[in-house]
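Colleague: missing the sequence, but the structure's below:
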């Protein structure tokens with residue numbers, strides 16, 4: 001992935017982490033129409049947007065939610081590293097899922113689903129352990145919490161895979 005795309009993704013994730021998802025609670029078609037009128041969106045534009053999103057449903061929301069969870073995980077590992085003791089990954093994941101921010105973001109992305117902490121622990125544990133997710137744990141995607149400083153690859157390798165920081 002080009003460095004420009006990594007920087008753009010990190011900026012979007014940073015904005016999302018600061019502001020949170022903005023999803024109105026809609027209960028029926030009338031609410032949807034009201035919200036679309038507020039946004040001054042034409043019916044043709046709505047159709048185009050929905051058609052584009054349905055054609056590429058694996059992107060945006062799922063990707064953003066995955067990266068938010070990874071960010072919370074990385075931040076928790078950094079906190080543990082500052083305390084000079086990295087807990088087992090499953091304990092880190094339990095701490096991430098039990099955090100208030102995790103639950104708030106969950107309801108922001110999935111307002112109609114019930115939050116099940118045990119299920120979320122299992123899902124995040126599987127996701128972090130998947131070999132295919134390793135390319136998402138690279139320098140440029142993550143910044144230190146409350147800072148604009150990117151986390152160097154050596155530090156990520158140390159907190160995620162146990163490789164020495166040298």
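Modeller: That came through, no problem. What you see is a predicted model; the values in this text were computed from it and never measured.
Colleague: Give me the most central residue, the protein.
Modeller: When the chain is reduced to its mean C-alpha position, the closest residue under C-alpha atoms, centre = their mean turns out to be residue 68, at 1.5 Å.
Colleague: Mind giving me the packing neighbours of the helix or strand where it lies?
Modeller: In this structure, residue 68 sits in helix 60-82 according to DSSP states H and E. Contacts defined by 3 or more C-beta pairs under 8 Å, 6 or more residues apart in numbering; DSSP states H and E place helix 60-82 against helix 3-19, helix 89-98, helix 100-109, helix 117-129, helix 153-161. Using the backbone N, CA and C atoms, a C-beta is placed for each residue, glycine as well.
Colleague: Only the buried residues of the fourth one, if you could.
Modeller: Just to be clear, that refers to helix 117-129. Under the neighbour-count criterion of 16 or more other C-beta atoms under 10 Å, helix 117-129 has 120-121, 124-125, 127-128 buried.
Colleague: Please apply the same query to the shortest one.
Modeller: Neighbour counts using 16+ other C-beta under 10 Å place 155-160 of helix 153-161 among the buried residues.
Colleague: Closest one to residue 9 out of those residues, please.
Modeller: residue 156 (15.4 Å; C-beta to C-beta).
Colleague: Wait, that closest one touches residue 140, no?
Modeller: No - the criterion here is C-beta atoms under 8 Å, and residue 156 misses it with residue 140 at 10.0 Å.
Colleague: Enumerate the positions of the helix holding residue 68 that are buried.
Modeller: By neighbour count on 16+ other C-beta under 10 Å, the buried set for helix 60-82 is 64-65, 67-78, 80.
Colleague: Kindly report the same for stretch 3-21.
Modeller: Of the residues in stretch 3-21, those buried (16+ other C-beta under 10 Å) are 9-10, 13, 16-17, 21.
Colleague: that older thread, quick one, the helix holding residue 68 and helix 153-161 angle?
Modeller: Taking axes from the mean of the first three to the mean of the last three C-alpha atoms, to 10 degrees, one finds that helix 60-82 is oriented at 90 degrees with respect to helix 153-161.
Colleague: if I pick residue 142, what's in contact with it?
Modeller: Neighbouring residues of residue 142 by C-beta atoms under 8 Å, 6 or more residues apart in numbering: 10, 70-71, 74-75, 150-151, 156.
Colleague: Present those as JSON lines; the columns should include distance to residue 28.
Modeller: Putting the contacts of residue 142 into JSON lines (distance: C-beta to C-beta, whole Å) gives the following:
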{"residue": "10", "distance to residue 28": "38"}
{"residue": "70", "distance to residue 28": "35"}
{"residue": "71", "distance to residue 28": "34"}
{"residue": "74", "distance to residue 28": "39"}
{"residue": "75", "distance to residue 28": "38"}
{"residue": "150", "distance to residue 28": "44"}
{"residue": "151", "distance to residue 28": "44"}
{"residue": "156", "distance to residue 28": "45"}
